[in-house]
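[1] Test case, fold it:
(chains A and B)
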There are 2 protein chains.
Amino acid sequence: MDMKNVELNKQEIQELPQVIKVGLLGFGTIGSGVFTVLNNERELITRRLYKAIGRHVEIQITKVLVLPDEYPPGLPTELRVTDYNEILNDASIDIVVELIGGLNPATNFMIQAMEKGKHVVTANKYAIFTAQGALEAKADETDVHLRYEAAVGGAIPILRSINEGLIGDQIESVVGILNGSTNYILTGVKNGKTLEEALAEAKQNGYLEADPSADLEGYDAMHKLGILGYLITGQYPAASSIEREGIEKITAEDIENAKLNGQAYKLVARATKNADGEFTYSVKPEALNPDHPLYHTEGVLNTILITSKYAKELVFTGYGAGSLETATAVTGDIVSIARDLHIC
Amino acid sequence: MDMKNVELNKQEIQELPQVIKVGLLGFGTIGSGVFTVLNNERELITRRLYKAIGRHVEIQITKVLVLPDEYPPGLPTELRVTDYNEILNDASIDIVVELIGGLNPATNFMIQAMEKGKHVVTANKYAIFTAQGALEAKADETDVHLRYEAAVGGAIPILRSINEGLIGDQIESVVGILNGSTNYILTGVKNGKTLEEALAEAKQNGYLEADPSADLEGYDAMHKLGILGYLITGQYPAASSIEREGIEKITAEDIENAKLNGQAYKLVARATKNADGEFTYSVKPEALNPDHPLYHTEGVLNTILITSKYAKELVFTGYGAGSLETATAVTGDIVSIARDLHIC
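    Next up is the predicted model:
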């Protein structure tokens, strides 16, 4: 032991730089956004963390998992790995950030990371919802942090607001536009396009996947609503218990009628407490009046309206998707884990 | 030492109940609301804290400071104290919640509490802004938590969203309706009343103090804007650096002109980054068009629009005042301190 270290006073120990190492899984839309934000804003984040915890902490992405045939231009060669074991078995990596998407290998990768004692951040609503609480249980069991703010509402800090801001409140209902792609299409319809024209435009602008059914048929919104349901009730609703109808069933006649009434269609996700105190869930197109808080949400924006016993009404609007927008929420999760690790 | 304790396993130690004791200063609108929420939702809060930290923690208000001639009907006699020293010198009290309002004794009480190693929660924007960072510095120096989510935007979790959700983002501007009383008056004007009529109605409904100048002349919004400025830049703007104009200067002609243009007046608080990267601040009435995100905010609601480098645009709406509404935010702060104390 270096005698000098022994003689450090409390102030000096706090001044020691500490590096939190991150292994990033995936370098697509969100992954590359997270890489950009964490690198561009390293100084800002370190300064704000210092203000919060009184210690110099730096967050570094040290390895990025991509496919064997994938060479993303923005990714430094020395960070590129193609075998997950290189991240999993790297004891210096504190946080695994899963941004591959899809059920597997994403879910397995997260479980393996937690079993190795690594904290996990993800934006993967599909995997989180489908696991129906198994990922949270694994985090409890392995005593690590699991965060997924970006999984619902993109840049909107909705999970944090429910989990922390409203921790003493009883939420009565959540009503949201949770899927940006379908809202983009329905905004086109509101502005005079037919459903077919708006759909074609959304495809052309890259707002829909090759297989757009997760968006169009309401599955994506259903996964997000299920996560909100878990935060509110402590239990995931089963997929079968969520009434689900996509936007593809809206007819030209429906659209014409809505217009005549001054209404606009939105794909509305609802979690509502019924008379027995149980929550019921639905995702379906609804024609809204102009005075509804969700009526004015256009394009790829998301809006979430919460009604509760004490706060009464809160409305959040922001970008529900996008590279840098979603990266903001992922970054917030990473930094909050870094904060919690140093708060003692 | 009881041998039984020595033999407790990790699980059993975690199951031990732990009480976080709170001393409440003031039992007015917000104080009585916090008392209600913490008592009514004790079980809910304990359950959610257990989920977050894996320990049984209970939050208890054990003493409430009121004036010598004050006997609030909802306050149990055994909790009532009239001398602050009874709270200050009670070593079992972990958190002092200051809801007296005004500069002093509120500011001195907070400083004294921190010097005794007690954590502090407040909703007092006037005291926080006027101290210009001295309260935060005292919290650093004494190594305690200081939280004031309820000071800006009432129930809206705006400070948390900026400090944590957007910790890696660069905020470019904040534009907000931060004062519910003046917004209530201006909503009346929008709906056809004269400024005088709307003002009289607000007074009648108890939305204005006996001396309403803090609201009407924009001081209250200025304090809140200053706090937002501190979160964004790390420095409080001096009061003299904030352009401030109240709603009392709006003329009947202004109102008529706004109506002809389809506009509505709002008391708008702005923090905007200029070309040099410095922030400029203003609080003044502005006639807004119907497509402005703040146009639709009616009555005592507050709305805050944040534009930033990565999240791009976030809009938050909720009750900016009210007993239980504001109590939600105070409760969130108390519970988050309890969480941080037990996270190790």
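[2] Please count neighbours and contacts with C-alpha atoms only from this point.
    Fine.
[3] Could you pull up the mean pLDDT of the longest helix belonging to chain A?
    Longest among the helix segments of chain A by residue count, using DSSP state H, is helix A:323-342. Averaging pLDDT along helix A:323-342 gives 96.
[4] What of stretch A:197-205?
    90.
[5] I'd like the distance from it to the chain centre, please.
    24 Å (CA atoms, centre = their mean, to the nearest Å).
[6] Please apply the same query to stretch A:83-92.
    Using CA atoms, centre = their mean, the offset of stretch A:83-92 from its chain centre is 24 Å.
[7] That stretch - what's its average pLDDT?
    For stretch A:83-92, the per-residue pLDDT averages 98.
[8] What's the end-to-end length of it?
    End-to-end distance of stretch A:83-92 (CA to CA, to the nearest Å): 16 Å.
[9] what's the answer for stretch A:231-238, then?
    14 Å.
[10] And the contacts of that stretch?
    A:129, A:132-133, A:159, A:162-163, A:171, A:226-227, A:229-230 (CA atoms under 8 Å, 6 or more residues apart in numbering or on different chains).
[11] between those residues, which is closest to chain B?
    Of all the contacts of stretch A:231-238, chain B sits closest to A:Asn163, with 8.4 Å by CA to the nearest CA.
[12] still on that earlier bit, reformat the contacts of stretch A:231-238 as CSV; add pLDDT and secondary structure.
    Shown next, in CSV, are the contacts of stretch A:231-238 (pLDDT from 0 to 100; DSSP: H, G, I helix; E, B strand; the rest coil):
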residue, pLDDT, secondary structure
A:Phe129, 98, helix
A:Gln132, 98, coil
A:Gly133, 98, coil
A:Leu159, 98, helix
A:Ile162, 97, helix
A:Asn163, 96, helix
A:Ile171, 98, strand
A:Gly226, 98, helix
A:Ile227, 98, helix
A:Gly229, 98, helix
A:Tyr230, 98, helix
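[13] Name only those of those that count as buried.
    A:129, A:132-133, A:159, A:162-163, A:171, A:226-227, A:229-230 (16 or more other CA atoms under 10 Å in any protein chain shown).
[14] Would you point out the helix or strand in chain A whose mean pLDDT is lowest?
    helix A:3-6 (a mean of 38; mean pLDDT, DSSP states H and E).
[15] who in the stretch 1-150 of chain A is up against chain B?
    The stretch 1-150 of chain A comes close to chain B at residues A:37-38, A:41, A:44-45, A:48, as judged by CA under 8 Å from any CA of the partner chain.
[16] Spell out for me the PyMOL command that would select the buried members of these.
    Burial among the residues of the stretch 1-150 of chain A next to chain B is assessed by 16+ other CA under 10 Å; the matching PyMOL selection reads:
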select buried, chain A and resi 37+38+45+48
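[17] Widest-spaced pair of the residues of the stretch 1-150 of chain A next to chain B?
    A:Val37 and A:Arg48 (14.5 Å; CA to CA).
[18] how much space between the closest residue to A:Ile250 other than its chain neighbours and A:Tyr319?
    Spatial nearest neighbour of A:Ile250, chain neighbours left out: A:Pro285 (7.6 Å); criterion: CA to CA, 6 or more residues apart in numbering or on different chains. A:Pro285 is 20 Å from A:Tyr319, where distance means CA to CA.
[19] correct me, but A:Ser161 touches B:Leu159?
    No: A:Ser161 is beyond contact range of B:Leu159, at 10.5 Å (criterion: CA atoms under 8 Å).
[20] which residues of chain A score low on pLDDT?
    For chain A, the stretches with pLDDT under 70 are A:1-16, A:344.
[21] per-domain residue ranges of it.
    Structural domains annotated on chain A: A:3-154+A:324-342, A:166-320, as defined by automatic domain parsing.
[22] closest one to B:Ala258 among these?
    Using CA to CA, these put domain A:166-320 closest to B:Ala258, at 21.1 Å.
[23] Give me the buried stretch members for the helix or strand hosting A:Glu256, please.
    Element membership for A:Glu256, per DSSP states H and E: helix A:252-260. Judged by neighbour count using 16+ other CA under 10 Å, the buried positions of helix A:252-260 are A:255-256, A:258-259.
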